[in-house]
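>>> fold the stuff below for me.
(one chain, ligands or ions: 1)
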Amino acid sequence: MAQLRLLAFAGSLRRESFNRRLIPVLAEGARAAGAEVSLIDLRDYPLPVYDGDIEAAGMPENVYRLQDLLAEHDGLLISTPEYNGSMPALVKNTLDWISRPTEPGPSGTTLFRGKVAGIVSASPGPLGGLRSLLVLRDALAKLGLVVVPQQVAVGQAGERLPETGMLADERLRAGVHGVGAAVAELAFRLKGGVDER
Ligand SMILES: Cc1cc2nc3c(=O)[nH]c(=O)nc-3n(C[C@H](O)[C@H](O)[C@H](O)COP(=O)(O)O)c2cc1C
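Model prediction:
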């Protein structure tokens, strides 16, 4: 059966971002379940705040690069911060730009449809960014993605995520791996493959 590919990114540009530390844990769970994961850094795809005039003057090249990446993958893995009870502008702005028309013409929203997503969050606060997950889940569903029901919000991230890829809490680590595995398993099924593991 064809290889399953997932595209992963953290919704923060901050060098010491907790979500940048968490996203490899999510990727690890998906890889253990058989998926190939491309982990990208949104710092490598800078975009202005969405502005129809910028789009009319010529689509930023990074929009096409992100659309091409999405087209090559079967699903998304996202680790997001929470800003004022919602998802950060970076995450929404990235999704909004990708949804714009692709270079060959069709709307970018067609690239999201029927793909699977898994979401987690991290925050120094006690709720771990849980509210951002609710908003992000809605936005992804609106774009046509199937978001797996499993999700994990890692609170007290300063203590729990001391380094990239290191989630010190055993139970939370298993939960984050579970989100990645659920995405891989559902994406395998939607791709029409038989998961024989
Ligand atoms: C504008 C702004 C709003 C924030 N609002 C929240 C919030 O509503 N809930 C929360 O848990 N943390 C909030 N925080 C704190 C972030 O969780 C914290 O900065 C976190 O480290 C950001 O994620 P990162 O480490 O991946 O960059 C906010 C931070 C900023 C800059």
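
>>> going forward, measure contacts between C-alpha atoms and count neighbours the same way
OK.

>>> tell me if Ile119 really is in a strand.
Yes. Counting by DSSP: H, G, I helix; E, B strand; the rest coil, Ile119 is located in a strand.

>>> for the residue nearest the centre of the chain, which three-state class applies?
By CA atoms, centre = their mean, the chain has its centre lying nearest to Ile78, at 2.2 Å. With three-state DSSP as the basis, the three-state label of Ile78 is strand.

>>> show me what it is bridged to.
With DSSP bridges applied, Ile78 shows beta-bridge pairing to Phe9, Ile119.

>>> surely it touches Gly118?
Yes. Here Ile78 lies in contact with Gly118, judged by CA atoms under 8 Å, at a distance of 6.4 Å.

>>> what's around Gln150, how many residues?
Close neighbours of Gln150, defined as other CA atoms under 10 Å, add up to 16.

>>> skipping adjacent residues, who's closest to Ile54 in space?
Among residues not flanking Ile54 along the chain, Pro60 sits closest, at 7.9 Å (CA to CA, 6 or more residues apart in numbering).

>>> again with Ala71
Leu111 (5.8 Å).

>>> the one you found belongs to a helix?
Yes. Counting by three-state DSSP, one finds Leu111 located in a helix.

>>> give the contact list for Ser121.
19, 79-82, 128-130, 132-133, 152-154 (CA atoms under 8 Å, 6 or more residues apart in numbering).

>>> span of stretch 151-171 from start to end?
Start-to-end span of stretch 151-171 (CA to CA, to the nearest Å) is 13 Å.

>>> Gly175 versus Val49, what's the distance?
With CA to CA as the criterion, Val49 and Gly175 are 33 Å apart.

>>> tell me which of these two has more neighbours.
Neighbours of Val49 and Gly175, each counted by other CA under 10 Å, are more numerous for Gly175; the result is 20 against 14.

>>> ok, Gly29 touching Gly178?
Yes. Between Gly29 and Gly178 there is a contact at 6.3 Å, judged by CA under 8 Å.

>>> residues contacting stretch 85-96, please?
Residues contacting stretch 85-96 (CA under 8 Å, 6+ apart): 11-12, 47, 49-50, 80-82, 129, 131-133, 135-136.

>>> next, the buried residues of that stretch.
By 16 or more other CA atoms under 10 Å, the buried positions in stretch 85-96 come out as Ser86, Met87, Pro88, Leu90, Val91, Lys92, Thr94, Leu95, Asp96.

>>> gap between the fourth one and the ligand?
Leu90 sits 11 Å away from the ligand, taking CA to the nearest ligand atom, to the nearest Å as the criterion.

>>> just to be sure, that residue is in a strand?
No. Read with three-state DSSP, Leu90 is helix and lies in no strand.
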